[in-house]
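Trainee: Pasted the sequence and its predicted model underneath.
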Amino acid sequence: MEKLSSQPIIKSLKKKFGNKFNIATESKNKFNFDGAYYQPDLVFYSKENNNIKAIIEVEQGTRKHTVGGVITADYCMGKLKQNPIMVVLALTDQDRNDYIKRIKMLKRYIKHLKNIIIGNKAEIIKILKQIP
């Protein structure tokens with residue numbers, strides 16, 4: 001299978017939503033500090049109060065670290081007393097279907113994330129546009 005790249009999608013999401021949210025990416029070293037539990041691809045912050053609105057992972061392949069990342073993100077949001085949505089943008093339909101199965105099993109353990117959304121780029125853009 002051809003390896004798809006997440007970087008063009010991450011760039012396009014930053015460009016599309018940069019006026020609506022403050023956006024941090026792992027590549028800007030925003031999350032690279034001692035004691036970081038989790039380093040997502042993108043974090044969308046409210047421009048009004050800097051609360052986290054969405055945590056976004058762009059993924060190909062259903063690797064364990066992303067599923068573990070959902071659990072870790074939930075833990076971190078509990079510590080921060082915030083409840084953003086968690087978004088997994090799957091690069092292929094097969095990945096999307098696999099993530100849906102895996103995350104469905106986890107949902108009963110998730111206490112702080114408002115929702116976990118799994119979809120392709122078009123579906124995720126539609127959801128992100130609805131965030132106030």
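Mentor: Perfect, I can see it now. Every value quoted in this text rests on a predicted model; they were computed, and no experiment measured them.

Trainee: for this structure, what spans make up the helices?
Mentor: 7-17, 64-80, 93-106, 121-130 (DSSP state H).

Trainee: For these, which has the smallest mean pLDDT value?
Mentor: Mean pLDDT values for these show the minimum at helix 64-80, a mean of 85.

Trainee: Now do that one against helix 93-106, angle only.
Mentor: 50 degrees (axes from the mean of the first three to the mean of the last three CA atoms, to 10 degrees).

Trainee: How about the residue most central in space within the chain: what's its closest non-neighbour residue?
Mentor: Centroid-nearest residue in the chain, with CA atoms, centre = their mean: Ile56, separated by 1.7 Å. Excluding the flanking residues, the one nearest Ile56 by CB to CB, 6 or more residues apart in numbering is Leu42, at 4.1 Å. In this view, the C-beta of every residue, glycine as well, is placed from N, C-alpha and C.

Trainee: Can you give me the neighbour number for the closest residue to Lys20 other than its chain neighbours?
Mentor: With CB to CB, 6+ apart as the criterion, Lys20 has its nearest non-adjacent residue at 7.4 Å, and that residue is Lys47. If you count neighbours by other CB atoms under 10 Å, Lys47 ends up with 11.
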